[in-house]
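Undergrad: Need a 3D model of the following:
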Amino acid sequence: MSRLPVYLRTLGSLGADQRTCSSEQLATLAGVHSAQVRKDLSFLGVNGTRGIGYDVAALIEHLRRALGLTKNYAVAIVGGGNLGNALGNYAGFATWGFDVVAVVDADPAKVGNVVAGIAVEPLDDLERIVAERDVAIGIIATPARAAQDVADRLIAAGVRSILNFAPAVIEVPAGVDVRRVDLSTELQILTYHLHRR
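TA: This next block holds a predicted model:
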């Protein structure tokens, strides 16, 4: 599943005049083996034509459907600091159908600041915001100590998908999906490889 967004992004970066793409080309651009591409796409029920490859437009549409990207999703960012600000200003969200509808923060000094045209709102309003704006995905961009409480509040408000940028592991009940993005951990993995060389 984690390779599907990579395939979609890769196909989107092809020139507008390229109508077909071989599994070998897609594999090279995505950084995987061509047999893996064929296996992944076959699992989705997509088969290329021998000697021609895959129809790019049809494959993009099929991947978008498989990933649930056929509609827009409302996103709330919790944390209006540097990271929340950077995430709110990331234009790539809108490209893929993720609409940032709110940025909230517990710090009264941040409330009222504008992030990507959206005024930061108080954390106390989180539940109302989730309900009124039909928030489907919560992004946690808080300090580690606040992450669990924010996750609990998002879940209690009805959010079932959370992207956690806080450097903390959060506990969630069954039926809630969490993806953790810990930049410092990723950097430590890179320094491990640098050190081993």
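Undergrad: mind checking pLDDT for Gly53?
TA: What the model reports for Gly53 is a pLDDT of 89.
Undergrad: C-alpha coordinates for stretch 125-143, PDB please?
TA: Output for stretch 125-143, consisting of C-alpha atoms alone and laid out as PDB, is shown next (Å, rounded to 0.1, in the frame of the first residue of the first chain):
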ATOM      1  CA  ASP A 125     -12.900  25.100  19.900                       C
ATOM      2  CA  LEU A 126     -11.500  21.900  18.400                       C
ATOM      3  CA  GLU A 127     -14.500  19.700  18.900                       C
ATOM      4  CA  ARG A 128     -16.900  22.300  17.400                       C
ATOM      5  CA  ILE A 129     -14.500  22.800  14.400                       C
ATOM      6  CA  VAL A 130     -14.300  19.100  13.700                       C
ATOM      7  CA  ALA A 131     -18.100  18.800  13.700                       C
ATOM      8  CA  GLU A 132     -18.900  21.900  11.800                       C
ATOM      9  CA  ARG A 133     -16.300  21.500   9.100                       C
ATOM     10  CA  ASP A 134     -16.600  17.700   8.800                       C
ATOM     11  CA  VAL A 135     -12.900  17.200   9.500                       C
ATOM     12  CA  ALA A 136     -11.700  13.800   8.400                       C
ATOM     13  CA  ILE A 137      -8.000  14.000   9.100                       C
ATOM     14  CA  GLY A 138      -6.200  15.600  12.100                       C
ATOM     15  CA  ILE A 139      -2.600  16.600  11.800                       C
ATOM     16  CA  ILE A 140      -0.800  16.800  15.200                       C
ATOM     17  CA  ALA A 141       2.100  19.400  15.100                       C
ATOM     18  CA  THR A 142       2.400  20.000  18.800                       C
ATOM     19  CA  PRO A 143       5.200  19.400  21.300                       C
END
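Undergrad: what's the spacing between that stretch and its chain's center?
TA: Mean-position distance between stretch 125-143 and its chain equals 15 Å (C-alpha atoms, centre = their mean, to the nearest Å).
Undergrad: and what of stretch 27-39?
TA: Taking C-alpha atoms, centre = their mean, the mean C-alpha location of stretch 27-39 is offset from the chain mean by 22 Å.
Undergrad: what about that stretch, start to end distance?
TA: Using C-alpha to C-alpha, to the nearest Å, the end-to-end distance of stretch 27-39 comes to 11 Å.
Undergrad: mind listing what the host helix or strand of Val75 pairs with, with the direction of each?
TA: The secondary structure element spanning Val75 is strand 73-78 (assigned by DSSP states H and E). Neighbouring strands of strand 73-78 in its sheet, by DSSP bridges, are strand 98-105 (parallel), strand 135-140 (parallel).
Undergrad: Report the mean per-residue pLDDT for the shortest one.
TA: Think strand 135-140. Over the span of strand 135-140, the pLDDT mean works out to 98.
Undergrad: what does it rub up against?
TA: With C-beta atoms under 8 Å, 6 or more residues apart in numbering as the contact definition, strand 135-140 has outside contacts at 73-79, 84, 87, 98, 101-102, 129-130, 147, 150-151, 154, 157-166, 170. The C-beta positions use only the backbone N, C-alpha and C, and glycine is treated the same way.
Undergrad: I appreciate the help and will end here.
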